[in-house]
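J.: Sequence plus predicted model, see below.
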Amino acid sequence: MSLSVFRERTKRRNPDFMLLKLCHGFYIFLEKFLRWAVHPGLRASLLKLLGAEIGRGVRIHEVQMFNLKHGFGNLHVGDGAYIGIGCKLDLEGPLTIGARTSVSAGVTILTHEDAGTRQNSRLARLFPLRVKPTAIGSDCWIGANATVLCGVVIEDCVVIGAGSVVTRNIQGKVVAAGVPASPRRTIDVQGMATL
């Protein structure tokens, strides 16, 4: 493509749209840069500087964050939370991880569903784009390679089994597992000491 054709196409575009695309590209660059931060505490501190709401004592290992159109502002992590290596965090919508929650290695947490609206997929008419906040409460443990889908709320003191797919809200104080995840037993938190 010649320079004159490029300029003509750019003139026809909305300048605000171009700025948004530029910002989005910059956020993608920053996300890749964050993977080089060698210490999980340093990575958490850098995310806080970049607009995420990060509590004290948070440790975030090498993770992949995607859908960064809004930067890192949709990420909210409570005090003392841990996010393991290889997790995938969708930041299209708000994502909240409560205090003292442990997200094990390889967990995927989604905040949107899209069957291909940008590609004009026929399935997108049946399954339209949906962006909803996803929230995990305090004192939870999400097992390795679990998947939490868009719009799910996991209440406080919940254990999600490894490899589970959480498709609907999970009430507090339970162990849930399976595909789809469902409560298997309750957790007695009365005898647990608080830190």
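T.: Yes, it's here.
J.: what kind of secondary structure is Ala176 in?
T.: strand (DSSP: H, G, I helix; E, B strand; the rest coil).
J.: Test my guess that it contacts Thr186.
T.: No: counting by CB atoms under 8 Å, Ala176 does not reach Thr186; the two are 10.6 Å apart. In this view, the C-beta of every residue, glycine as well, is placed from N, C-alpha and C.
J.: Of the two, which one has the most company?
T.: Remark: of Ala176 and Thr186, Ala176 carries more neighbours, 22 against 12, as counted by other CB atoms under 10 Å.
J.: now the residue nearest the centre of the chain, which residues is it bridged with?
T.: Nearest residue to the geometric centre of the chain (CA atoms, centre = their mean): Leu89, 2.9 Å. Beta-bridge partners for Leu89, by DSSP bridges, are Met65, Ile109.
J.: my guess is it meets Ile109, correct?
T.: Yes: assessed by CB under 8 Å, Leu89 is found in contact with Ile109 at 5.5 Å.
J.: Spit out the residues that contact these two alike.
T.: When contacts are counted by CB atoms under 8 Å, 6 or more residues apart in numbering, Leu89 and Ile109 are jointly contacted by Leu95.
J.: ok so, going back, which residues touch the residue nearest to the centre of the chain?
T.: Shown in contact with Leu89 (CB under 8 Å, 6+ apart): 63-66, 75, 83, 95, 109.
J.: Just the closest of those residues to Gly116, please.
T.: For those, the closest approach to Gly116 (CB to CB) belongs to Phe66, at 16.1 Å.
J.: That closest one: how many residues sit nearby?
T.: Residues within reach of Phe66, counting by other CB under 10 Å, total 12.
J.: ok, now the one 3 residues further on?
T.: The burial count assigned to Lys69 is 13, neighbours taken as other CB under 10 Å.
J.: same check, this time on Gly78
T.: 21.
J.: quick one: secondary structure of Gly106?
T.: Assigned with three-state DSSP, Gly106 falls in the coil class.
J.: Test my guess that it contacts Gly86.
T.: Yes: counting by CB under 8 Å, Gly86 is a contact partner of Gly106 at 4.6 Å.
J.: Pull the most distant pair out of the contacts of Leu89.
T.: Largest pairwise distance in the contacts of Leu89, by CB to CB, is 14.5 Å, between Phe66 and Ile83.
J.: Same question for stretch 34-51: list its buried residues.
T.: Using 16 or more other CB atoms under 10 Å as the test for burial, stretch 34-51 gives 34, 37, 40, 43-44, 46-48, 50.
J.: what residues does that stretch touch?
T.: When contacts are defined by CB under 8 Å, 6+ apart, stretch 34-51 is touched by residues 30, 54, 58-65, 71-73, 75, 77.
J.: of the residues you listed, buried ones?
T.: Among those, those classed as buried by 16+ other CB under 10 Å are 30, 54, 58-63, 65, 71-72, 75, 77.
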